[in-house]
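Asks: Kindly generate the corresponding structure for this input.
(chains A and B)
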Amino acid sequence: MTAPLTPARRRLLDRLLDELLDMAPAEREQRLVAMAQRQPRLHRLVNRLVVASTTPTELFSESVSRTAQRAAEQRRGSEPLLESGECLGSWRILAPAGRGGMGVVYEAERADGAFEMRAAIKLIGSDRPGMAERLALERQLLARLNHPGISRLIDGGIADDGHGYLVMEWVDGDVLNNDLRRQFDPLALFGDIADALMHAHQQLVVHGDIKPGNVLVSGEGRARLVDFGVARLLVDEQLAVEPGLRALTPSFAAPELLAGEPPSTQSDIWALGVLLSWLHTGRLPNGDGSPPSAPIVNHPRSADLDAVIAKACAADPAQRYPSVAALADEIQCLRQHVGIQARPPGAVRRMRLWSRRNPVGAGLAATLTIGVLLAASVFGWQAQVVRAERDLARLENLRWEVMRNQMVELFSAAAQDHADEEVSARNLLDGSVERMEALLAGDTLGRAYTSSMLGSLYVALQDYHNAAQVLRPLLDETGDPLPPMLKSGIFGDLALAEVHLGNHQRALELSEQALEMVERQAGDYRQRQSQLHQTRGSALRGLGDWPGSIDALERAVSLAEAVDRGPNRTLAMAQNNLGVSLFYAGQLEPARVTMEAALAHWQALGLGEFADALTVINNLATIYHQQGDLSRAQQAYRETIAQRRQRFGDSAALAATMNNHAQVLMIQHRLPEARSEIDQALEMMGRFNGVNSPHYALILRSAAQLALLEDSLAEARDRLDQAEAILLDSLGADHLFTLLVKAQSARLLARQAPLDALEQFDELIDRLRAMGPGTETHLASVYCEQAMVQLRLGDAASATDTAGRCLALRTERLPTGHWEISEAAALQSAARVQAGQEEAASTLSHQVEQLAQVYGQQHPRLQWLQAQVDR
Amino acid sequence: MDEVSDGEVTQLIEELRQDPDQFERLIPLMYNDLRRIGHNQRAAAGFIAGPTLQTTALVNEAFLKLRGRLDQGCENRLHFQRLMAKVMRQLIIDYARRQLAEKRGGLQAHETLTEAHHAADDQASQDSDFTLAVEEALKTLEADNPRQAEILAATLYAGYTSRELADILDLSERTIRRELQKGRAWLMIALDDARP
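Replies: As a prediction, the model looks like this:
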């Protein structure tokens, strides 16, 4: 019966069913059998109906009645009625006040006689674990509110029977209703309410349930907002007992609330729009998330009022007024008969357009604009924050965390969308740093927040030098202790900057301290932990502790996966980092697999051209490079370089890629191109990571390699001395990087003092062997270089042995067919030829042909090997 | 048999919302009755369940008071009871929708719940899902045979007995029972067809 029935056919079936149900079972059976023969299609339909009409239907009726029951329980709870004279804590019930949105409100007075005070008491449901803490938290939060238009929460607790209760300041007046709205100027009432709400939002408190039932109007027509935070407490209450009805009033609930999002300043603004409409028309929207539709007729500026309501009640929260203040301003204009502003949509777009027009020196104004935007998103989190957090300090921290993330996101997005304005973004940031210093001179916490934020932004722009400059002073801050999550954020960002600046030991300490701080916080910070483990893993990698680094990064990956198994940024970054360590540890194939997974995640996120995705492509290029696939490597390098340059301008990452590309170019003996890449890379790396960073030293090593190919021995010597000094200072004598530079030095030395060089190679071989299997490809290269020197010295026997060791290691560690295996084999053959084994000559000839596919024709090694064939 | 239009239900609900405070006061009463209906339905353990007379009376009273206040009295008690069933249905459906939205939107908060809560949670979501599926099926039924659908819905959501329905709709009890049986069959088939 998948195809819809025509009405006539349906009536026929219904009638047939009627007849069949009237029959005795045997007769019915007979009739159906007959029908099956004559009218098989009809029979199929009818038979299905007969079966269905005799099937028990408890299943769905039970489901519906359970839902009904839940709906009922949800709404009603098990709220007891209180008698006059009953006491709750130090309060005595006088009488039900018969008002308020949810449940019964009682009028009460101070029972302990400490002083005379009237209050309104509201029961909030039965006790459950954590209720007392929750109340205490809420009270702390609401204690910030101090405004004549707000009825304050003054007390709260758990009654003897386990019910929670809230005690609020008693306000004389009546609940706003139709009569009252007609009696007073609607815009005056609205102004009072908006004022009160503005204050609350400034204190980061969202009301969550704005409606006439939560407004009390005094005899003089002053309006007050009651029940701040009560909606939220009730939501929590219900969520914990059973999921169900949210404590919201449908007509006043913004569409995103109906869709299940927590209350935010933007949903409060929506409710204000509905209230404004109701104040003028007495009518409300349907309660299905649609905006008010009743036109305002009784106001001289009714069209303007309608426009204001439409904007406040835009379906998209981002299209609403950015703040209550903006809405109140418009109302103020209306009351003073000033034209209201036409506002272009989309605050973020507005800022972007603006910054496009003012590429340089956007400075503080832009920062402030961002501040407004952020405020909106920050408040939006508040309900979740309250739910997840147990103390105010942590509330503060999470809010900061959100603001920071938002800011970083915003800047990353801006950097991505306006690559051509990348420089202006940095100018903007630099300007902000200068101005913030002056602006927040006396405010330690404010400066800490701001500096931390700016530090994060420099990190986002991969300007680690400036990031460290901004963040380092914060560690010595002696004033009030910083909130723990702010502190861990500063430590984490600085650790990241220090990693990139080559201060790995410092980075390790910082990241471990940050991790400790985060782990001490109750709550779900797995994403943050994953990020910190990544930094820690990178630091360990920098310190040459490959196993430790891989271990840390595997934890980072599994933490990121625990948060979200699908593609996500943290996971992709963790995988990339793990891939890098695997790569450094010489595990090329696992590294390639991990990296390709990371790249797939970036692509699945639609961020295939995002900076971090480019890093992965770059790393994959390096792996292809290491695996001997020079053409794929070169292609990937070229892609990364072009994209990076176009999207992000200069950066340390671009410098590193150009350096790698130069390595390929040198094998191809395209020296002028290599020279150009290396010169640019050196300048760029010096600018971004500093001329004392290990990365800079590695580029110096490339420069020396190039100088050697160009026969500029003096230049090569200078470069290597400089590189060695940097590495000894930053990484120490035992680090792989230092040894790699030393290997290059030995090659240079071989040109002038081959015997000394042999000794240096011996020493290097000892030290590399001590480092374990992770460095075996490097060890192999040192063997091969040593074999070269032995060959030049005519020590064919030693050369055969040394080249053999190189070959063995390369065969073991590198994929089959890798050109470096051929190189080692060729060296061994050359040694045999030199030793007089003539049959080795044809083998050598074949191997040299293969190498000619890889090496540029002018490359000295290829030429030397070809010379051996000709001998 | 005069019609109770959807427009009328919408109108009633809108009127309730015009005065949110009244609405808020009424709702607990309504749901309290829903809860009792739920209990009774469970006790009956069958398709046809009967609420106690007091339940109906209480709901009536609440509504009549309200309607009186709005100065738009109901035509008669029977008309009102039909309206009542529709309102009940809408409230339960609203609840089911929100419950599911809550479930989808409130994951973060749910993480702190215990295992037992999770289980209750899943059962509730399953019920809500099913309730919404029944609602969809009822809508197709409504298009084909409005009377059958109304009888079915009034039994399901408001828990009216065949006798009460016979009274309300001015039909014989036997007709009501037969319409229920057939409606149930069509509903089962619509549910079956809707299953992916």
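
Asks: Leaving aside the residues adjacent along the chain, what's closest to A:Gln603?
Replies: Distance criterion C-beta to C-beta, 6 or more residues apart in numbering or on different chains; nearest residue to A:Gln603, sequence neighbours excluded, is A:Ala613 at 7.2 Å. Every C-beta, even on glycine, is put in place using the N, C-alpha and C of the backbone.

Asks: That neighbour contacts A:Trp602, doesn't it?
Replies: Yes: counting by C-beta atoms under 8 Å, A:Ala613 does reach A:Trp602; the two are 3.5 Å apart.

Asks: Which residue ranges of chain A form strands?
Replies: Secondary structure of chain A (DSSP state E): strands at A:87-88, A:91-96, A:105-110, A:118-125, A:153-158, A:164-169, A:174-175, A:215-217, A:223-225.

Asks: so what's the residue nearest to A:Gln603 scoring on pLDDT?
Replies: pLDDT for A:Ala613: 78.

Asks: Same question for A:Ser538.
Replies: On pLDDT, A:Ser538 comes in at 89.

Asks: and it, how many neighbours?
Replies: Number of residues near A:Ser538 (other C-beta atoms under 10 Å in any protein chain shown) recorded here: 26.

Asks: can you pull the contacts of the closest residue to it other than its chain neighbours?
Replies: Using C-beta to C-beta, 6+ apart and skipping residues adjacent in sequence, the residue nearest A:Ser538 is A:Val499, 4.7 Å away. Contact analysis of A:Val499 by C-beta atoms under 8 Å, 6 or more residues apart in numbering or on different chains lists A:Ala507, A:Thr535, A:Ser538, A:Ala539, A:Gly542.

Asks: tell me which parts of the stretch 701-850 of chain A are close to chain B?
Replies: By C-beta under 8 Å from any C-beta of the partner chain, no part of the stretch 701-850 of chain A sits against chain B.

Asks: what's the following helix or strand after the worst-scoring helix or strand of chain B on mean pLDDT?
Replies: Within chain B, no helix or strand scores below helix B:107-110, which has a mean of 32 by mean pLDDT, DSSP states H and E. Scanning forward in sequence from helix B:107-110 by DSSP states H and E, the next helix or strand is helix B:115-144.

Asks: Pull out the buried positions in that next one.
Replies: For helix B:115-144, the neighbour count (16 or more other C-beta atoms under 10 Å in any protein chain shown) marks B:117, B:120-121, B:124-125, B:127-135, B:137-138, B:140-142, B:144 as buried.

Asks: Give me the pLDDT value at the closest residue to A:Met517 other than its chain neighbours.
Replies: In this structure, A:Met517 finds its nearest non-sequential neighbour in A:Ser488, 3.9 Å apart by C-beta to C-beta, 6+ apart. Looking at A:Ser488, its pLDDT stands at 85.

Asks: Give me the neighbour count for A:Ser488.
Replies: Using other C-beta under 10 Å, A:Ser488 has 27 neighbouring residues.

Asks: So it versus chain B, what's the distance?
Replies: Using C-beta to the nearest C-beta, to the nearest Å, A:Ser488 is found at 21 Å from chain B.

Asks: residue contacts, the residue nearest to A:Arg92 when sequence neighbours are not counted?
Replies: Nearest residue to A:Arg92 in three dimensions, chain neighbours excluded: A:Ala111, at 3.8 Å (C-beta to C-beta, 6+ apart). A:Ala111 makes contacts with A:Cys87, A:Gly89, A:Ser90, A:Trp91, A:Arg92, as judged by C-beta under 8 Å, 6+ apart.

Asks: May I have the beta-bridge partners of the fourth one?
Replies: Beta-bridge pairing for A:Trp91 (DSSP bridges): A:Leu88, A:Arg110.

Asks: so it touches A:Ile121, yeah?
Replies: Yes: A:Trp91 is in contact with A:Ile121 according to C-beta under 8 Å; the separation is 6.1 Å.

Asks: Quick one: the strands of chain A as CSV, columns for mean neighbour count and mean pLDDT too.
Replies: Below are the strands of chain A laid out as CSV (neighbours: other C-beta atoms under 10 Å in any protein chain shown; pLDDT from 0 to 100):
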stretch, mean neighbour count, mean pLDDT
strand A:87-88, 18, 82
strand A:91-96, 17, 81
strand A:105-110, 21, 82
strand A:118-125, 22, 75
strand A:153-158, 20, 74
strand A:164-169, 22, 78
strand A:174-175, 18, 81
strand A:215-217, 25, 88
strand A:223-225, 23, 89
